[in-house]
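Enquirer: sequence and predicted structure are below.
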Amino acid sequence: VDQMVDCQQSSGLPMVLVGHSFGGALAFRIASELVARGIRPHRLIVLATPSPQAEAKHGELHSLSDQELIAEVDHLFGGVPAEILSNPDLQRLFAPALRCDLRLLETHDEVAEPIDVPMTAIYGADDRQVGISQVQGWRQFTTSRFRLRSMPGDHFFPLQRIAEIAQRGVWDALPG
């Protein structure tokens, strides 16, 4: 956040924060900290991210063995590359970072307060875990404009639609 503050103060350009899945929760936390420091991001975009009050549909994934963790994440969300699913060596490399993210997500209990930042929440129309009911609650966490959108695809729709997402995030931030 300190580096983002320095960058914002030196550039003066509009700041758009974008986060996917757990990254959306992190982007919200960063936006909250920036607002507390007097810097208002132009927009926050959360992608396939349940709102803070949405209940997770899964248990404590972070406590599973490496193989079970990767298999369950692939079952719930899809998108784990076949190379990882079929290679125990790659699983040993991939699992610790995934476990760390999930532990933070599953054990985090901070109370989120609304922020005065325009927010866009986008979910994949075919996402098996994070749908409209989980993302529409983001409306309660902004005192500014709120947009709710769906895009074709599953939980990992941003991988195929990054240009559209960027366009939605910056269309009104650019001069002229």
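Expert: All right, it came through fine.
Enquirer: quick check, residue 122 in a helix?
Expert: No - according to DSSP: H, G, I helix; E, B strand; the rest coil, residue 122 belongs to no helix; its state is strand.
Enquirer: quick one: it and residue 150 touch, right?
Expert: Yes - assessed by CB atoms under 8 Å, residue 122 is found in contact with residue 150 at 7.0 Å. Just so you know, the C-beta spots here come from the backbone N, C-alpha and C atoms, and that holds for glycine as well.
Enquirer: the more surrounded of those two?
Expert: Each of residue 122 and residue 150 has its neighbours counted (other CB atoms under 10 Å); residue 122 has more, 25 against 16.
Enquirer: so that one bridges to which residues?
Expert: Taking DSSP bridges as the rule, residue 122 bridges to residue 47, residue 149.
Enquirer: just the pLDDT for it.
Expert: Residue 122 carries a pLDDT score of 94 in this model.
Enquirer: residue 3 versus that one, what's the distance?
Expert: Distance of residue 122 to residue 3, given as CB to CB, to the nearest Å: 26 Å.
Enquirer: for the most centrally placed residue in the chain, which non-adjacent residue is closest in space?
Expert: Central residue of the chain (CA atoms, centre = their mean): residue 24, 2.2 Å from the mean position. Excluding the flanking residues, the one nearest residue 24 by CB to CB, 6 or more residues apart in numbering is residue 49, at 2.7 Å.
Enquirer: residue 31 now?
Expert: Spatially, and ignoring its direct neighbours in sequence, residue 31 is nearest to residue 44 (4.8 Å; CB to CB, 6+ apart).
Enquirer: do I have it right that the residue nearest to residue 24 meets residue 18?
Expert: No - if you go by CB under 8 Å, residue 49 and residue 18 don't touch, sitting 10.4 Å apart.
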